[in-house]
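Undergrad: Give me coordinates for this.
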Amino acid sequence: MRIHRFILPVLVCFTTAVSAQTTARLTSDSNLVETGNKVVLHLLVRGKPAGNPDLSGWKEVIPEDNRLREGAWTTGNGFSQKDITVIFFEKDSLTVPPVRIPLPNGDTAVTNTLDLQVIATPAPDEIPDMAPIRDIRREEKLWSDYWPLLAIPLAVIAIVLAGYFIVKYRKNRGIGSRSIQWPAHELALRKLGHLQQQGLWNKGNKKEYCDELTGIVREYLELRFGVPALESTSDELIQKLKETDMPGDTISNLGNILFQADLAKFARGTPPPDFGDVSMQFARRLVETTKPVSANASS
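TA: Next comes the predicted model:
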C-alpha cells in the first residue's frame, strides 16, 4: 500500500513533465541588436495553436511599448509561426523568458529562453583618429584651370554619344542583362538549376545554400509581383504577398521555408535533413505555379 502511494505521485509528476516539454522554439533574426533598431522574434510550434501565446513573462524584459508589431499565426508543413517585431532603447544583456503557447488538446507548448545582447548605436561623433592636416600647397595657374567653362557642354555631348553607342551596340550584338532578356520565371528556374548542380546542401554548406535559394526566390517574387522582396524581412514579405493574387497555402508554405532558412542563416539553427530537397522542390513549384498565364500558354 505504501509503494502504491509513492508510485502514483511519481507517475503524475512524470506525465506533467512530459506534457510541459519544450515543443516550441523562440529565435531571432540576430542575437546582437543595436539600440533603436528593430529585431524580429520568431515563435515556431508544431501543429496549430489553440490561441495567442502568453507573453506575460516578457513584462520586465520587453514591455508592451517595446513590441512594435505582432503578426498572425501562419501555418505550413505541420508548423505554425508567429513573428513579433520589438525594439530596445538601452544597452543591456537580456534573457527573454520562455513563451507558453496553448495547444488544441489542452496542453501547453513552452519555448526556450533567448539571450540578446543590446549594444549602443555608434554616435556620429565617434570618428576614427584622423591623419594630421597637411599644409595647403599653392600651385601656379595653368591654362587648364579654365577649361571647366566648357565642361558642361562637353559632358552633355559625351553622355549623348555614349548613350547612342551603347544602344546601338546592344541592339547589334544582343547584349543585355539576363533579367531583361529572360522572363522572371525562366531566369529563376535557370538559377535554381545551377544551384542544384553545385550541390551545396549535400556538401554541408547549408548557410550558403539557404542564402542562394532565398535570394533566387526573393528576386523572382520582386520581378513577378512587384513587391520589394529583396529588401524586406521574411515577415514583411509574407504580409506584402497577401495583398497579391498568390494562393494563401503557397504563402504559408513560403513562410515556413523562409523561416527555416533564416534559422540557418541568422540563428545558427539546423533545418531538417531533407530541407535541401524540400526547399528546392518548393521553389521550382512556386515559380511554375505563379508564372504569368501567357508564359504557360507559350510553354
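Undergrad: Quick one: the strands in the stretch 51-200 of the chain, in order.
TA: Secondary structure of the stretch 51-200 of the chain (DSSP state E, counting those that start in this stretch): strands at 67-70, 74-76, 79-87, 92-96, 100-102, 108-110, 114-119.
Undergrad: Quickly, which of those strands bottoms out on average pLDDT?
TA: Ranked by mean pLDDT, those end with strand 74-76 at the bottom, a mean of 86.
Undergrad: Could you spell out the sheet neighbours of that one, each with its direction?
TA: Next to strand 74-76 in the sheet, as set by DSSP bridges, lie strand 79-87 (antiparallel).
Undergrad: What angle do strand 92-96 and the strand it pairs with make with each other?
TA: If you take axes from the mean of the first three to the mean of the last three C-alpha atoms, to 10 degrees, strand 79-87 sits at 150 degrees to strand 92-96.
Undergrad: the inter-axis angle of strand 79-87 versus strand 114-119?
TA: Here the directions of strand 79-87 and strand 114-119 differ by 30 degrees (the same axes, to 10 degrees).
Undergrad: Please list the outside residues in contact with strand 79-87.
TA: Residues from elsewhere that reach strand 79-87, judged by C-beta atoms under 8 Å, 6 or more residues apart in numbering: 36-49, 53, 55, 62, 66-75, 234-235, 255-256, 259. From N, CA and C alone the C-beta is placed, and that goes for glycine too.
Undergrad: where are the low-confidence patches of this protein?
TA: 1-22, 123-147, 149-150, 167-180, 267, 295-299 (pLDDT under 70).
Undergrad: Would you map the helices across this protein?
TA: All helices of the chain, identified by DSSP state H, fall at 2-19, 151-173, 178-181, 184-198, 206-225, 234-241, 248-266, 275-290, 293-298.
Undergrad: Now tabulate the ones you listed in TSV and tack on distance to residue 87 and mean neighbour count.
TA: Below are those laid out as TSV (distance: least, C-beta to C-beta, whole Å; neighbours: other C-beta atoms under 10 Å):
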stretch	distance to residue 87	mean neighbour count
helix 2-19	34	9
helix 151-173	45	10
helix 178-181	35	10
helix 184-198	34	17
helix 206-225	24	20
helix 234-241	14	20
helix 248-266	17	20
helix 275-290	31	17
helix 293-298	42	9
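Undergrad: Residue 112 is nearest to which of these?
TA: When the helices of the chain are compared by C-beta to C-beta, helix 248-266 sits nearest residue 112, at 12.7 Å.
Undergrad: Hey, what's the angle from the closest one to strand 79-87? Just curious.
TA: Put simply, helix 248-266 runs at 60 degrees to strand 79-87, going by the same axes, to 10 degrees.
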